[in-house]
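# following is a predicted model, sequence given first.
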Amino acid sequence: MSVREEFDEWAANGKDRGMEERHWHTAKHALARIPLEPGETVLDLGCGSGYAGRALRETKGAGRVYGLDGAPEMAHNAAGYTDDPAVGYLVGDFDSLPFADDSIDHVWSMEAFYYAADPHHALEEIARVLRPGGTFYCAVNYYEENVHSHEWQEFISIEMTRWDRSQYREGFRNAGLSVGEQDTIPDREITIPSEEEFPTDDWDSREDMVERYREYGTLLTVGVAP
Amino acid sequence: MSVREEFDEWAANGKDRGMEERHWHTAKHALARIPLEPGETVLDLGCGSGYAGRALRETKGAGRVYGLDGAPEMAHNAAGYTDDPAVGYLVGDFDSLPFADDSIDHVWSMEAFYYAADPHHALEEIARVLRPGGTFYCAVNYYEENVHSHEWQEFISIEMTRWDRSQYREGFRNAGLSVGEQDTIPDREITIPSEEEFPTDDWDSREDMVERYREYGTLLTVGVAP
Amino acid sequence: MKESLLDILRCPMDKHELELEDAEYGENGDEIVAGTLVCVECGERYRIEDGIPNLLPPDMREETPA
Amino acid sequence: MKESLLDILRCPMDKHELELEDAEYGENGDEIVAGTLVCVECGERYRIEDGIPNLLPPDMREETPA
Ligand SMILES: Nc1ncnc2c1ncn2[C@@H]1O[C@H](CSCC[C@H](N)C(=O)O)[C@@H](O)[C@H]1O
Ligand SMILES: Nc1ncnc2c1ncn2[C@@H]1O[C@H](CSCC[C@H](N)C(=O)O)[C@@H](O)[C@H]1O
């Protein structure tokens, strides 16, 4: 299955809003850190419902916000959630960004980067479209140290890249981005049932669930264009 | 009074360890974000007891760690707290850094930067000593939005710079550093007494104390050398 | 999509500028609801449907015919 | 201080290299416990006391005589 087929189906099933709700727990903390000046342009890669870009318009006065997604149904859903004329959505692929060199101030991506067919090339594309000093905020829940995420590959037909923390730093640097920070952001909001409710459908033990959310949470790596 | 006189007295009174204990609540979260590779060199500006550099040796395998402080007694105390041969302390001033161009991988400073006599020049010095892609982690509790910190100036003879969040970003950029992130890190660890204990010696209301620590916490601005 | 997006939008293949053809505008006048973006260099054509431009590279776009 | 610090240590005034004079070494041999660092360019002298070099600019250093 292609990115388009897989995620068009997710969009049709309303998974875009479900992800927004769950990802917001950690994404909002990462978004808050972006050193965005009013009027600047933001690109959201694999935007899903597009919530991240809309939040940056509202909280930091981003000037223009573009959400790019490989699944047309995702982009269409996203467009349906806002009337803001400064927000736009487009269909495209991480590996071939349809933007001019140095045209973007900040790139954001949540739970999407690892679907890139060629992540090294995607990073080069990101470095290319960023203006000097622009940032790439790359947030992922699927990464090597988060052992509880490893099985996710079984449920999806797209090949996923499972880098560890140091591979993210190295990948960024190889593409010419400096690394400004790396952090794991805990999800303190998800409800974790009490001990006696385990095992649940998704979790063998409460300990595992606590580790997955409160400890591993979301891995954020920030790149800065030279 | 000079930096030397003021802070030599603090060191003699053991305030260095008191600060370490309190600052650690938020400093550890900022330190964890530094994209430090094993073997890299760290400079801690206004190191006080020197805890930050020692932590980076232990947790991230920093290669060499130097703590610089304007108060000789602070540097002497710091040297007394470790036997690690890769850690060194020196006496110096933020405005005239005694290091070669491009010689440092990461600069750290907690609750010290705003004592610089000329903060713009101090930033230029930091940009000078950092290698391309190196980071400056600048953490302060004294800043404009933290209204509860404003009165601190009354208790100290050194003139303090009270920038707001955007002035930090602008100051960094004027000195040639890109801004990688800006964040406020809450202090979730300090004990906040229950309602009926207020007013306390330091706090009129519980609400104020909660706002000071849990909301304003520590302002972190990360600069990245081009 | 807004016309302003054209300032920074480029052909995903060779990064050259795009020219707008057969544009249909929405009621407000500044929203392009349909049309075609044509690369000034390679001539590749990208369609705008329901106001959303599809800039997938041709091989990915054609995987599942619309 | 360790000798290795000399690699990156410079005169705070003009950023030129420093030369170590009258060095006294500690028991392990690689720790400099006392001595003077002299700027090869301006000749300014900076003392190492108890193993800690004082690289304050001269005007700040002399504020309070030791
Ligand atoms: N190669 C690729 N190019 C563009 N988009 C892609 C892609 N691979 C996956 N995607 C998109 O990335 C999204 C991942 S789901 C995450 C959506 C959103 N960022 C959120 O936080 O909820 C999907 O919408 C999928 O269509
Ligand atoms: N201009 C200057 N140059 C060098 N050090 C300075 C300075 N102004 C203040 N300092 C030092 O900065 C320190 C501030 S107190 C903070 C200490 C430590 N970073 C901690 O987090 O606890 C003091 O030790 C003081 O001597």
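Yep, that arrived. Ligands and ions are numbered 1, 2, ... in the order given.
# give me the pLDDT for residue 8.
Unless you meant another one, I'm taking chain A. The predicted structure scores residue A:8 at 95 on the pLDDT scale.
# was after chain C, sorry
98.
# what's the spacing between it and residue A:169?
Taking Cβ to Cβ, to the nearest Å as the measure, residue C:8 falls 29 Å from residue A:169. The C-beta positions use only the backbone N, C-alpha and C, and glycine is treated the same way.
# for residue C:38, same thing?
Using Cβ to Cβ, residue C:38 is found at 40 Å from residue A:169.
# just the strands from the chain, written as ranges.
Going with chain A. Listed in chain order, the strands of chain A (DSSP state E) span A:41-45, A:64-69, A:87-91, A:104-110, A:130-140, A:178-185, A:218-224.
# chain C, not that one
If DSSP E is used as the criterion, the strands of chain C fall at C:18-25, C:32-39, C:45-49, C:52-53.
# chain center to the last one: distance?
It stands for strand C:52-53. Relative to its chain's centre, strand C:52-53 lies at 6 Å (Cα atoms, centre = their mean, to the nearest Å).
# residue A:144 contacts residue A:162, doesn't it?
Yes: counting by Cβ atoms under 8 Å, residue A:144 does reach residue A:162; the two are 5.5 Å apart.
# find the centremost residue of the chain, please.
Unless you meant another one, I'm taking chain A. By Cα atoms, centre = their mean, the mean C-alpha position of chain A lies nearest to residue A:110, the distance being 1.0 Å.
# wrong one, chain C
Ranked by distance to the mean C-alpha position of chain C (Cα atoms, centre = their mean), the top residue is residue C:37 at 3.6 Å.
# check the gap between it and residue C:49 for me.
If you measure residue C:37 against residue C:49 using Cβ to Cβ, the figure is 12 Å.
# list the contacts of the spatially closest residue to residue A:152 that is not a sequence neighbour.
Counting by Cβ to Cβ, 6 or more residues apart in numbering or on different chains, residue A:142 is the residue found nearest to residue A:152 once chain neighbours are left out, at 5.7 Å. The contact partners of residue A:142, taken as Cβ atoms under 8 Å, 6 or more residues apart in numbering or on different chains, are A:111, A:114, A:149, A:152, A:160, A:162.
# what's the local residue count around residue A:170?
A count of neighbours around residue A:170, defined by other Cβ atoms under 10 Å in any protein chain shown, yields 14.
# then residue A:94?
By the measure other Cβ under 10 Å, the count of residues near residue A:94 is 24.
# contacts only, for it.
Residues in contact with residue A:94 (Cβ under 8 Å, 6+ apart) are A:45, A:46, A:70, A:112, A:113, A:115, A:116, A:117, A:122, A:125.
# isn't the third one right next to residue A:92, touching?
Yes: the criterion here is Cβ under 8 Å, and residue A:70 meets it with residue A:92 at 7.0 Å.
# intersection of neighbour lists for those two?
Applying Cβ under 8 Å, 6+ apart, one finds that residue A:70 and residue A:92 are jointly contacted by residue C:56.
# what's the closest non-adjacent residue to the residue in chain C that chain B sits nearest to?
Across chain C, no residue is closer to chain B than residue C:8, which sits at 20.5 Å (Cβ to the nearest Cβ). Take residue C:8 and drop its neighbours on the chain: the residue closest to it by Cβ to Cβ, 6+ apart is residue A:103, 3.9 Å away.
# confidence score at residue 65?
Just so you know, I chose chain A. Here the pLDDT value assigned to residue A:65 is 98.
# chain C is the one I meant
Reported pLDDT at residue C:65 in the predicted model: 45.
# can you check residue A:1 too?
pLDDT for residue A:1: 81.
# circling back to that earlier point, hey, which of the strands of chain C is tucked in deepest?
Most buried of the strands of chain C by mean neighbour count (mean count of other Cβ atoms under 10 Å in any protein chain shown) is strand C:52-53; its value is a mean of 23.
# that one near chain A anywhere?
Yes: on the criterion Cβ under 8 Å from any Cβ of the partner chain, strand C:52-53 is in touch with chain A at C:52, C:53.
# okay, now the unreliable bits of the chain?
Because you didn't say which chain, this covers chain A. Flagging of chain A using pLDDT under 70 yields an empty set of residue ranges.
# oops, I was thinking of chain C
For chain C, the stretches flagged by pLDDT under 70 are C:62-66.
# so how far is stretch A:58-65 off the chain centroid?
Going by Cα atoms, centre = their mean, the spacing between the C-alpha centre of stretch A:58-65 and its chain's C-alpha centre is 18 Å.
# buried residues, that stretch. List them.
Neighbour counts over stretch A:58-65 (16 or more other Cβ atoms under 10 Å in any protein chain shown) mark A:60, A:62, A:64, A:65 as buried.
# just flag the most distant two among those.
Based on Cβ to Cβ, the longest span within the buried residues of stretch A:58-65 runs between A:60 and A:64 and measures 12.7 Å.
# and the longest helix for chain A?
For chain A, the longest helix by residue count, based on DSSP state H, is helix A:15-33.
# so which bits of chain A are right by chain B?
Residues of chain A lying close to chain B (Cβ under 8 Å from any Cβ) are A:32-35, A:37, A:132-133, A:135, A:169, A:173, A:178-183, A:221-222, A:224-226.
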